[in-house]
Each structure stands twice: as C-alpha cells, then as structure tokens.
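Enquirer: Kindly generate the corresponding structure for this input.
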Amino acid sequence: MTARIDHMVTSGTFALDGGEWDVDNNVWIVGDDTEAIVIDAAHDATAIEAALAGRTLRAIVCTHAHNDHIDAAPALAEATGAPILLHPADRELWQQTHPDRAPDAELADGQELEIAGTTLTVLHTPGHAPGAVCLYAPELATVFTGDTLFQGGPGATGRSFSSFPTIIDSIRDRLLTLPGDTTVRTGHGDPTTIGAEAPQLDDWIKRGH
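Expert: Numbers count the residues shown, from 1 in each chain. Model (predicted):
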C-alpha cells in the first residue's frame with residue numbers, strides 16, 4: 001500500500017533579522033493508517049499530534065530551520081518520541097530558535113527515508129537557507145519543497161543565510177530535472193507542478209526574484 005499525503009495549515013509568526021511576520025504554514029503528513037512522518041512541524045504541536053490520529057510518528061523532517069518551520073518540533077518530538085531530522089548546514093539557524101535542544105539526526109543529500117512502503121529521497125537545495133532540503137517521492141509523483149520553490153517562483157533570498165544565485169542553481173539542477181507532472185507541495189500557499197514552473201526560470205533570473 002502506497003503512503004498517502006495529509007495536509008494541514010497552521011498559523012504563527014516568522015521572525016528573522018529583527019523582523020516579524022504573520023504566516024500560514026503548510027504541514028505535510030506522509031504515511032498510512034499506522035505510521036507517518038511529519039514534514040515541517042510548524043506552530044502547533046497539539047494540532048499536528050491530533051492530525052496523526054494515533055499513528056506512530058517515525059520522524060519530524062525539517063525542510064530548513066527558519067523558526068516558522070521548526071517552532072513546534074521539540075514539543076511534537078516530546079509528545080511522540082519521534083526524532084527531529086535537519087540538514088547540518090542549518091544548525092546555526094536552528095539554534096536561534098532552539099538553543100537548548102539539538103536535532104536528533106542529520107539529513108544528507110541522497111538519503112532515503114522510508115515510510116509506509118514509500119521512499120522519499122532527500123535533495124539538498126540550498127539558497128533560501130544553507131541547509132534547505134526537498135523531499136522527492138516518485139511513487140507519489142510529489143516533491144515537498146519547503147520554501148525553495150513556490151507557485152510562481154523561488155523562495156525569498158533577501159535575508160540572512162540566503163543567496164539568490166544559489167537557490168536558482170538548486171532549482172535548476174535538482175528540481176526542474178524532475179518529471180513535469182510532479183506535484184510541488186510547498187511550505188506556504190498552493191501546490192504547483194514542475195512542468196508549470198520550469199518555463200519561468202529565465203524570467204525569475206531576469207527579475208532577480
């Protein structure tokens with residue numbers, strides 16, 4: 001049985017470089033009726049735990065360590081016993097939010113995560129953050145992109161730890177090479193597809209999006 005994708009939206013605050021913004025975050029739960037992983041434990045550990053509906057949580061996977069994607073991770077880990085997984089290049093960002101609680105394990109490019117008979121491959125896609133990753137699940141025809149790629153363009157690169165040329169390279173080399181019918185499930189906002197976004201690459205570069 002192939003895993004299914006459950007989706008919820010949580011609301012809170014994104015804070016970086018002295019500024020704060022109200023945000024709505026996508027939380028993705030991938031699994032079956034018995035086990036699951038959570039991609040980006042944002043804002044509300046209690047609501048995320050409730051959405052698991054008694055399933056065993058195998059891992060809390062962080063696409064990157066901006067506070068709005070990780071603020072509920074320690075509480076969810078404590079409630080469920082699940083490990084928190086983060087790419088090591090984002091440890092400095094992580095420590096800004098959780099200085100006294102380290103992630104439990106590291107994510108690495110090419111690593112495969114297995115859940116409910118489905119494989120998700122970790123793609124290191126720096127740019128929005130140094131340790132940003134995407135998770136590609138070909139059996140689900142889906143890539144979870146965090147804040148690397150959205151409907152209509154790349155993630156923001158105007159703040160600390162970010163780089164526009166780097167995110168463009170990541171999107172071009174790691175994401176736009178995926179099949180065009182791959183659904184892009186993002187960290188905020190509506191899904192899109194690789195095929196819908198690929199033709200816009202040159203425009204993004206010209207605009208310095």
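Enquirer: what's Gln111 in contact with, if anything?
Expert: Residues counted as contacts of Gln111 (C-beta atoms under 8 Å, 6 or more residues apart in numbering) are 121-122. Backbone N, C-alpha and C define where each C-beta goes, glycine included.
Enquirer: can you give me the strands in this structure?
Expert: Ranges of strands in the chain, per DSSP state E, are 4-16, 19-31, 35-39, 56-61, 84-86, 105-106, 112-115, 118-124, 133-137, 142-146, 149-150, 153-154, 183-186, 192-193.
Enquirer: a markdown table for the ones you listed, including mean neighbour count?
Expert: Formatted as a markdown table, the strands of the chain follow (neighbours: other C-beta atoms under 10 Å):
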| stretch | mean neighbour count |
| --- | --- |
| strand 4-16 | 16 |
| strand 19-31 | 18 |
| strand 35-39 | 25 |
| strand 56-61 | 22 |
| strand 84-86 | 23 |
| strand 105-106 | 13 |
| strand 112-115 | 14 |
| strand 118-124 | 20 |
| strand 133-137 | 25 |
| strand 142-146 | 27 |
| strand 149-150 | 24 |
| strand 153-154 | 20 |
| strand 183-186 | 21 |
| strand 192-193 | 18 |
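Enquirer: Make JSON lines out of those and add distance to Leu175 and mean pLDDT.
Expert: As requested, the strands of the chain are exported to JSON lines (distance: least, C-beta to C-beta, whole Å; pLDDT from 0 to 100):
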{"stretch": "strand 4-16", "distance to Leu175": "18", "mean pLDDT": "97"}
{"stretch": "strand 19-31", "distance to Leu175": "16", "mean pLDDT": "98"}
{"stretch": "strand 35-39", "distance to Leu175": "16", "mean pLDDT": "98"}
{"stretch": "strand 56-61", "distance to Leu175": "17", "mean pLDDT": "98"}
{"stretch": "strand 84-86", "distance to Leu175": "20", "mean pLDDT": "99"}
{"stretch": "strand 105-106", "distance to Leu175": "22", "mean pLDDT": "98"}
{"stretch": "strand 112-115", "distance to Leu175": "18", "mean pLDDT": "98"}
{"stretch": "strand 118-124", "distance to Leu175": "7", "mean pLDDT": "98"}
{"stretch": "strand 133-137", "distance to Leu175": "7", "mean pLDDT": "99"}
{"stretch": "strand 142-146", "distance to Leu175": "7", "mean pLDDT": "98"}
{"stretch": "strand 149-150", "distance to Leu175": "6", "mean pLDDT": "98"}
{"stretch": "strand 153-154", "distance to Leu175": "10", "mean pLDDT": "97"}
{"stretch": "strand 183-186", "distance to Leu175": "8", "mean pLDDT": "98"}
{"stretch": "strand 192-193", "distance to Leu175": "11", "mean pLDDT": "98"}
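Enquirer: want to try CSV for these, with distance to Leu201 as columns?
Expert: Converted to CSV, the strands of the chain look like this (distance: least, C-beta to C-beta, whole Å):
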stretch, distance to Leu201
strand 4-16, 26
strand 19-31, 23
strand 35-39, 25
strand 56-61, 27
strand 84-86, 28
strand 105-106, 30
strand 112-115, 27
strand 118-124, 17
strand 133-137, 16
strand 142-146, 15
strand 149-150, 10
strand 153-154, 9
strand 183-186, 14
strand 192-193, 13
